[in-house]
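Asker: Just a sequence and a predicted model for now, questions to come.
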There are 2 protein chains.
Amino acid sequence: MRIDALIRHEVMAIEPEKKIVAVKDHLSGKGFTKDYDELLIATGARPLRPDLPGVEAKNIYDANTLTTGSILKEAIEKDKPNQAVIVGAGYIGLEIAEALHLQGIKTTIIQRGEYPMPMLDRELGKRLAATLRKSGVKLRLNESLTGFTVQNGLVKEVTTDKGSIATTFVILALGVTPESRLAEDCGIALGPRKAIAVNQLQKTSAPHIWAAGDCAQSLHLVSGQPVHVAMGTVANKQGRVAGMNISGQQTAFPGIVGTAITKYLDTEISKTGLGEKELNELGIDFITVTVEGNTKPRYYPGSAAMTVRLHAEKGSGRLLGVQILGGPESAKRIDTAATALHAGFDLDQLLYLDLAYAPPFSGVWEPLVIAARLALKKL
Amino acid sequence: MRIDALIRHEVMAIEPEKKIVAVKDHLSGKGFTKDYDELLIATGARPLRPDLPGVEAKNIYDANTLTTGSILKEAIEKDKPNQAVIVGAGYIGLEIAEALHLQGIKTTIIQRGEYPMPMLDRELGKRLAATLRKSGVKLRLNESLTGFTVQNGLVKEVTTDKGSIATTFVILALGVTPESRLAEDCGIALGPRKAIAVNQLQKTSAPHIWAAGDCAQSLHLVSGQPVHVAMGTVANKQGRVAGMNISGQQTAFPGIVGTAITKYLDTEISKTGLGEKELNELGIDFITVTVEGNTKPRYYPGSAAMTVRLHAEKGSGRLLGVQILGGPESAKRIDTAATALHAGFDLDQLLYLDLAYAPPFSGVWEPLVIAARLALKKL
C-alpha cells in the first residue's frame, strides 16, 4: 500500500463519489486534487472558544496541544503573572489549576455547573469543590463567562453573569469539539456532538472513507449508545483498528466504558461506566452505594482515605458505573471496575474477584468489593 | 440459630454419624461431647517446621500470626541481634528480610530452589534474586537446611547441605500446611496438600460438615483444578459463603485465579493465573511475552520501570496468567489481569480494555495491553 506524506498541505474538501480530495499546498498556495483508494479522516478535535469580543487577546491561552502548553509555560516564565482565571473545571481546568498553584499563582476557576469535574456524581463533585477551595483556589460555581475587558490588546478583567474578576491572564479549558467539518460538508453522517459516525470497523457512512480518533464517535458498551470521547487511549485504539481494516486485516473496536482519571495535588479522581446523570437520562432503574474505605489498612504507612461510589442495575445487579475520589494510589484502581464492565459483571461476580492483597497494597476487602457487598443488599 | 462460644476449649474428634464432637476444656482439663446441627471446620493452617534436632531452640522464630510477629519484634528490640538467617524465600521470607534489612540486621536467606519467590517464572525470579543481593541480603540458592548447632539452648549456627552459617537468630518461613487432622481422622476427603476438599458451597464430603479458610481447598478457575491457597482474602470469602449457606441463604464461592502480591523495599511483585511451571505440569500449550514498560510516561516524575510477563493459550489466545515485577505503583495493576481471568478474556478482549489513562497514572498503552498486543503476534 502506497502512503504519501504531504507536509503543510491541507484537505479542503472530499468528493466521495469521485474518490478524490481537494488539497491546498500551504507553502506554494496552490490547490490540486488527489485520488484515493481508501481515505482515513483523523482530523482530531479543536478546543472550544467562546465567540466573545476580546477572545483573541494575547493573554488568553488554550491548553490543548503540546504547542499550546509550551506557549503557556513560556509566557508564565517570561511574564511571571501573579493571578490567573481558568474558564472550565474539567480535566484540563483542574490540571492547569494544579500547575499554576504549584507555581504560586493565585488562581480563580469559573465553572458554569454547580461543581467541578461534571463527569462525577454531585456528591463527589461537592467534595472535590471543598478540596480545591482548601488548597487556596478560588472556585466560582454556577457562574458563566460573559466577556473580557481588554486594554492594549490584553485582557485585564473577565466578566461573568455574576460580576468581574481582575486577572493577568486567562486559560480557556472548555473542552473540545470534533473537527468534523470535512466529513459533514461531503454528507458523511455525524453522531453525538457532531463526531463522525463510525461502525466498529471505523467505517463512516461513505464508502471507502474511515474515521478514527478525536473526530470520531465511540460505542459506549454500558449504555449501548454512541458517544464522543476525546481521549488519547481511545484515539490510539481506533487508529489501530482503522489502519488494520484499511490494510485488509480484519479487526473491530468493541467500544469504550467511559473510563477517565485525573488528579489535583494529592486528590485523585476516576470514573468508569455511567454516572447518575447519565443513568437518569437513559431511564435506567439503578441503586447506588458510597463506601468510605482506605487504600491500605489504616495501620500501614501511606494509607489514604478513598471513597468508592458504585451504581448497579436494580434487580439484575449488573454493574453500571464506579467513581473513586481519594488519596494517592486510589484512582487507578478504577481499572478493575472498567474490566468488570467490559465483562458485563454483576455484583456477585464483583464480590468474589480474586484481587491482590497484602498490607502495603490494600486491605483484605477492597473498597470496590465492599461496595459490591453493600449494593447487593439494596437490589 | 444458636452459636455457643467455648473459649479455651478444643475439639479433639468429630463423629459425623452421631453429629457430635469430642471437646476438651483446657481450663478444667475435662472432656465432654457436644452435638451439632451443622459443623464448620475453620482450623486454619500451621507453619511448617522441619523435624530437625534443635528446632525448638528459643532463638528460632515463626512469622505466622500476630502473636509470633510480636514475639519476634520484642526479641529484636531486647537482644539487638546483628545477624539473622531466614529459611525460605517466599512471601513471608521476603517480608521479614525487608523488615530486618530496615533495622540494619545482616540477613542471609536460604532457599532450596534456584530463585526466590517460587510462584514467579524463572526469568523474573532471577531478576528478583539480583535485587535482593544488591540491597545487601545474602541469598543462598539451591541450598537446603540440614540442621542447627545449639549451645545453651540457642542456635549458634545453621547448617545446610553446602556449609554452615553463624547467626544470632533464625526465622522459619517455609510456608504453611492445612490444619486438617480433625477432618482426616473422621474420614472426610482431603484435596491438594491435605487441604479439606470442599465444593463451591464450602461443603465437605461428610453431611452437615463444612470447611472454610486456610484449612480448605479452593477451585482454581484457570486450571479447573482444586488447589490450596492460604490467603486472607480467600479465607474471608470462603467464611462468608460457608456462613451464608449454613444459615440457609444460598451462595457459592466461584473460586480463585491465584492472585498474589508482595514487595521488597522498592521492588513490587505480583502474579495472577498460572505460571510457566504450572502450565507445563498441566500440559497446556502456551505462548509467553515479556514486556519492559513503565508505570507512567518516562517524562513524568515518579515513573518506574515495570516488567509484565504474560502467558496465553496457543491458538485460542485465552489469557492464562500475568506476572509483574517493578517499581512503586506497578504490582497492584495485576488486579486488571485477575479480573480479565475471571471473565475468561482472550488477548483481543484484553487489548481493547478501556483502562484509565493520564500521565500521573500511566502511559497511553498500559504494559499489560502492550503485552497482549505482542502476544497476539505469537499465537
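Answerer: Thanks, I have the structure now.

Asker: Now residue A:235. Its backbone dihedrals?
Answerer: Residue A:235 has phi and psi values of phi -60, psi -40 when expressed as degrees, to the nearest 10.

Asker: likewise residue A:239?
Answerer: The phi/psi pair for residue A:239 (degrees, to the nearest 10) is phi -60, psi -40.

Asker: Now do the contacts for it.
Answerer: Neighbouring residues of residue A:239 by Cβ atoms under 8 Å, 6 or more residues apart in numbering or on different chains: A:42, A:212, A:213. The way it works is simple: take the backbone N, C-alpha and C, and place the C-beta from them, glycine included.

Asker: Just the residues you listed: which are in strands?
Answerer: Using DSSP state E, no member of these falls within strands.

Asker: Let me know the secondary structure of residue A:375.
Answerer: helix (DSSP: H, G, I helix; E, B strand; the rest coil).

Asker: So it is in contact with residue A:314, correct?
Answerer: No: Residue A:375 is beyond contact range of residue A:314, at 10.3 Å (criterion: Cβ atoms under 8 Å).

Asker: any chance you could map the helices in the stretch 251-379 of chain A?
Answerer: Under the criterion DSSP state H, counting those that start in this stretch, the stretch 251-379 of chain A contains helices at A:276-282, A:334-343, A:347-351, A:367-376.

Asker: looking at the ones you listed, which is buried most?
Answerer: Counting by mean count of other Cβ atoms under 10 Å in any protein chain shown, helix A:334-343 has the highest mean neighbour count of the helices of the stretch 251-379 of chain A, with a mean of 26.

Asker: CA atoms of that helix as PDB?
Answerer: What follows is helix A:334-343, C-alpha atoms only, in PDB (Å, rounded to 0.1, in the frame of the first residue of the first chain):
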ATOM      1  CA  ILE A 334     -10.800   2.100  38.600                       C
ATOM      2  CA  ASP A 335      -9.300  -0.300  36.100                       C
ATOM      3  CA  THR A 336     -10.700  -3.300  38.000                       C
ATOM      4  CA  ALA A 337     -14.200  -1.800  37.600                       C
ATOM      5  CA  ALA A 338     -13.600  -1.000  34.000                       C
ATOM      6  CA  THR A 339     -12.600  -4.500  33.200                       C
ATOM      7  CA  ALA A 340     -15.600  -5.800  35.100                       C
ATOM      8  CA  LEU A 341     -17.800  -3.500  33.000                       C
ATOM      9  CA  HIS A 342     -16.200  -4.900  29.800                       C
ATOM     10  CA  ALA A 343     -17.100  -8.400  31.100                       C
END
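
Asker: Which strands or helices does that helix pack on?
Answerer: strand A:267-273, strand A:319-326, helix A:347-351, helix B:334-343 (3 or more Cβ pairs under 8 Å, 6 or more residues apart in numbering or on different chains; DSSP states H and E).

Asker: how big is the angle separating that helix from helix B:334-343?
Answerer: When axes from the mean of the first three to the mean of the last three Cα atoms, to 10 degrees is applied, the directions of helix A:334-343 and helix B:334-343 differ by 20 degrees.

Asker: Between strand A:267-273 and helix A:334-343, find me the angle.
Answerer: Using the same axes, to 10 degrees: helix A:334-343 against strand A:267-273 is 0 degrees.

Asker: mind checking how far helix A:334-343 is from the chain centre?
Answerer: 18 Å (Cα atoms, centre = their mean, to the nearest Å).

Asker: Need the residues that contact that helix.
Answerer: Helix A:334-343 is contacted from outside by A:221-222, A:254, A:257, A:259, A:261, A:270-273, A:310, A:319, A:321-322, A:324, A:349-350, A:353, A:355, A:366, A:368, B:333, B:335-336, B:338-340, B:342-343, B:345, B:349, B:353-356, B:366, using Cβ under 8 Å, 6+ apart.

Asker: got the angle for it vs helix B:367-376?
Answerer: Using the same axes, to 10 degrees: helix A:334-343 against helix B:367-376 is 50 degrees.

Asker: Would you mind checking the average pLDDT for helix A:334-343?
Answerer: Throughout helix A:334-343, pLDDT has a mean value of 98.

Asker: for residue A:166, what are its contacts?
Answerer: So residue A:166 contacts A:83, A:156, A:157 (Cβ under 8 Å, 6+ apart).

Asker: My error: substitute residue A:15 in the last question.
Answerer: Applying Cβ under 8 Å, 6+ apart, the residues contacting residue A:15 are A:21, A:22, A:186.

Asker: CSV for those, including pLDDT, secondary structure and distance to chain B?
Answerer: Supplementary listing: the contacts of residue A:15 in CSV, determined by pLDDT from 0 to 100; DSSP: H, G, I helix; E, B strand; the rest coil; distance: Cβ to the nearest Cβ, whole Å:
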residue, pLDDT, secondary structure, distance to chain B
A:21, 97, strand, 29
A:22, 97, strand, 33
A:186, 97, coil, 29
